[in-house]
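Enquirer: Have a look; sequence and predicted model below, questions after that.
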There are 2 protein chains.
Amino acid sequence: MKLYWSPRSPFVRKVMVAAHELGLADRIETIPTVVQMSKPHVELLQTNPVGKIPTLVLDDGTALFDSLTICEYLDSLAGGHRLFPREGAARWHVLTVHALGNGFMDLLVLWRNERDQPVAQQSPAWIENFRAKTATTLDRFEAMAPDLVATLVDIRHIVIGSALSYMDFRFAELGWRKGHTSLAAWHADFAQRPSMQATIGAAA
Amino acid sequence: MKLYWSPRSPFVRKVMVAAHELGLADRIETIPTVVQMSKPHVELLQTNPVGKIPTLVLDDGTALFDSLTICEYLDSLAGGHRLFPREGAARWHVLTVHALGNGFMDLLVLWRNERDQPVAQQSPAWIENFRAKTATTLDRFEAMAPDLVATLVDIRHIVIGSALSYMDFRFAELGWRKGHTSLAAWHADFAQRPSMQATIGAAA
């Protein structure tokens, strides 16, 4: 399998952490890929017309995306349902927490794109809105910390762990640990897992 | 069930079309909700910390999001696996086409947000990139049109149909039908389905 990959994308890191947790990382060949808001990546667009990474290409040429599809595919390849419960309330809960973590990554990437624009092209109102949503999301993660500690690693831990490490990488100045001490303690522990250590290049 | 809803969101329309196709629409109470890039929606943030619609609240108070999670939940509630194949290659294919349609919606919403900024805050390079990705995505949908015609409605048809109707609503001036005649013919037919007709307020 080949993966359009960047060391800086939190979505890519989520997939690579999942691959390590599932014992599949050595089956994935990474293709370093730079995607930008200001320029299409012509080769990637042939495979993924919206030009996003991660995009996985199977040995038969089939392309799979986005990061959620790839994570669920890898979970299936490893035997199934370690990262995603098969059905019922547990499944909807885990998918909703995943969507929260993934939506938070989306927000952080949009925020970074906005602040990296020339100053005249930035929208102060957007940036204030990103800040407000970041605060509510971190508070929600803090409330979830006891549950993260008490349960085996699944896609919830992986997406939240990857998102917080992305905050350390791109938004260190926000000091997210302040007021989120249970979350910080969980993250300090999670960040020591081999899957996170092996992917440090992959977002921080 | 209650759904944070807007008549203008393509992601909401996807969920409502799915609900109609599954015979569940009359179980959903819609809560008109305006979300903006420039202002947090305080009530919604209590339920969904990243402040996005659609967000579904079950009768027991459980919140489910994002639109993909909600569609899969509704599919399960209706008996299962009409919109999403259960497993195997068919599942990864359908999820990847969904991700393409959904990523295309994301792109169109970002594009619209950008063009609605004050002119000085717009990025011409971003807008050119949106245009390039829109062209590759429409070409891909055109190539898929025979398969859309030949298969029963699932989440692929719903996401592509909703995205194209959103183009008619917000980007009519692009004239997407030009050069995409098979896709246009499929869409003309799909748009006549009761599920699409019942949700016309919901994106066009």
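Expert: Nice, thanks for sending it over.

Enquirer: Helices of chain A, residue ranges please.
Expert: Ranges of helices in chain A, per DSSP state H, are A:10-21, A:42-47, A:67-77, A:88-115, A:124-150, A:155-170, A:181-190, A:194-197.

Enquirer: For the longest one, buried residues please.
Expert: Pointing back at helix A:88-115 there. With burial defined by 16 or more other CB atoms under 10 Å in any protein chain shown, the residues of helix A:88-115 counted as buried are A:91-112, A:114. (Glycine included, C-beta is placed from N, CA and C.)

Enquirer: could you give the mean pLDDT of that helix?
Expert: Across helix A:88-115, pLDDT averages out at 97.

Enquirer: Output the contacting helices and strands for that helix.
Expert: helix A:10-21, helix A:67-77, helix A:124-150, helix A:155-170, strand B:63-64, helix B:67-77 (3 or more CB pairs under 8 Å, 6 or more residues apart in numbering or on different chains; DSSP states H and E).

Enquirer: what do you get for the first one?
Expert: Under the contact criterion of 3+ CB pairs under 8 Å, 6+ apart, the helices and strands touching helix A:10-21 comprise strand A:2-5, helix A:67-77, helix A:88-115, helix A:155-170, helix A:194-197.

Enquirer: One more: the third one?
Expert: The helices and strands touching helix A:67-77, judged by 3+ CB pairs under 8 Å, 6+ apart, are helix A:10-21, helix A:88-115, helix A:155-170, helix B:88-115.

Enquirer: Going by neighbour count, which residues in it are buried?
Expert: A:67, A:68, A:69, A:70, A:71, A:72, A:73, A:74, A:75, A:76.

Enquirer: Check those residues against chain B and report the nearest one.
Expert: residue A:69 (4.2 Å; CB to the nearest CB).

Enquirer: measure the closest one to residue B:189 for me?
Expert: 28 Å (CB to CB, to the nearest Å).

Enquirer: before we move on, the earlier item: which one among the buried residues of helix A:67-77 gets closest to residue B:7?
Expert: residue A:68 (27.0 Å; CB to CB).

Enquirer: That closest one is in contact with residue B:68, isn't it?
Expert: Yes. Between residue A:68 and residue B:68 a contact is recorded at 7.5 Å, counting by CB atoms under 8 Å.

Enquirer: Return every residue with contacts to both of the two.
Expert: Counting by CB atoms under 8 Å, 6 or more residues apart in numbering or on different chains, residue A:68 and residue B:68 have no shared contacts at all.
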